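Undergrad: coords below, sequence missing:
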């Protein structure tokens with residue numbers, strides 16, 4: 001007797017891209033919305049002594065938020081980048097406005 005599955009592969013509709021409609025009760029959305037990011041970024045940039053506003057710096061919003069995800073989930077650097085690229089809630093927390101499967105270390109958030 002040959003086994004035949006009657007179930008088909010589920011298809012995910014990833015045609016949406018905006019992260020603005022995500023539920024506000026998600027832990028990553030709450031965390032992203034709760035901290036004073038302007039103040040944190042000011043402290044971060046002052047510590048770098050970047051008086052000329054060089055383009056080599058990644059946004060504090062990406063760096064600090066990614067570190068929060070990394071430590072909260074106990075992930076390696078590579079696992080953190082992978083988790084963020086797979087999770088729209090984490091991308092919202094990082095400050096992205098649209099979902100992307102690309103690694104977030106390629107972005108500059110303003």
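TA: Perfect, thanks for sending it. Keep in mind that what you see is a predicted model, and the values were worked out from it rather than measured.
Undergrad: ok, then the element right after the helix or strand of the chain with the lowest mean pLDDT?
TA: Counting by mean pLDDT, DSSP states H and E, the chain has its least confident helix or strand at helix 37-48, which shows a mean of 83. Scanning forward in sequence from helix 37-48 by DSSP states H and E, the next helix or strand is helix 60-73.
Undergrad: helices or strands up against the next helix-or-strand element following that next one?
TA: Along the chain past helix 60-73, the next helix or strand (assigned with DSSP H and E) turns out to be helix 77-86. Other helices and strands packing on helix 77-86, by 3 or more CB pairs under 8 Å, 6 or more residues apart in numbering; DSSP states H and E, are helix 60-73, helix 88-94. From N, CA and C alone the C-beta is placed, and that goes for glycine too.
Undergrad: what's the closest of those to residue 18?
TA: helix 88-94 (9.6 Å; CB to CB).
Undergrad: for the chain, give me the ranges with low pLDDT.
TA: Residue ranges of the chain with pLDDT under 70: 1-16, 50-57, 105-110.
Undergrad: residue closest to the middle of it?
TA: Residue closest to the mean C-alpha point of the chain, counted by CA atoms, centre = their mean, is residue 91 at 2.7 Å.
Undergrad: measure it to residue 64 for me?
TA: Distance, residue 91 to residue 64, by CB to CB, to the nearest Å: 15 Å.
Undergrad: quick one, the least confident helix or strand of the chain and helix 60-73 angle?
TA: Relative orientation of helix 37-48 and helix 60-73, computed by axes from the mean of the first three to the mean of the last three CA atoms, to 10 degrees: 100 degrees.
Undergrad: which residues touch helix 37-48?
TA: If you take CB atoms under 8 Å, 6 or more residues apart in numbering as the criterion, helix 37-48 is touched by 57, 59, 60, 61, 63, 64, 95.
Undergrad: just to check, the last one is in contact with residue 60?
TA: To tie it back to what came earlier, the one meant is residue 95. No: using CB atoms under 8 Å as the test, residue 95 is too far from residue 60 to be in contact (10.1 Å).
Undergrad: gap between the nearest residue to residue 18 once chain neighbours are set aside and residue 59?
TA: Leaving aside its sequence neighbours, residue 18 sits nearest to residue 98 (CB to CB, 6 or more residues apart in numbering; 5.9 Å). Applying CB to CB, the value for residue 98 to residue 59 is 16 Å.
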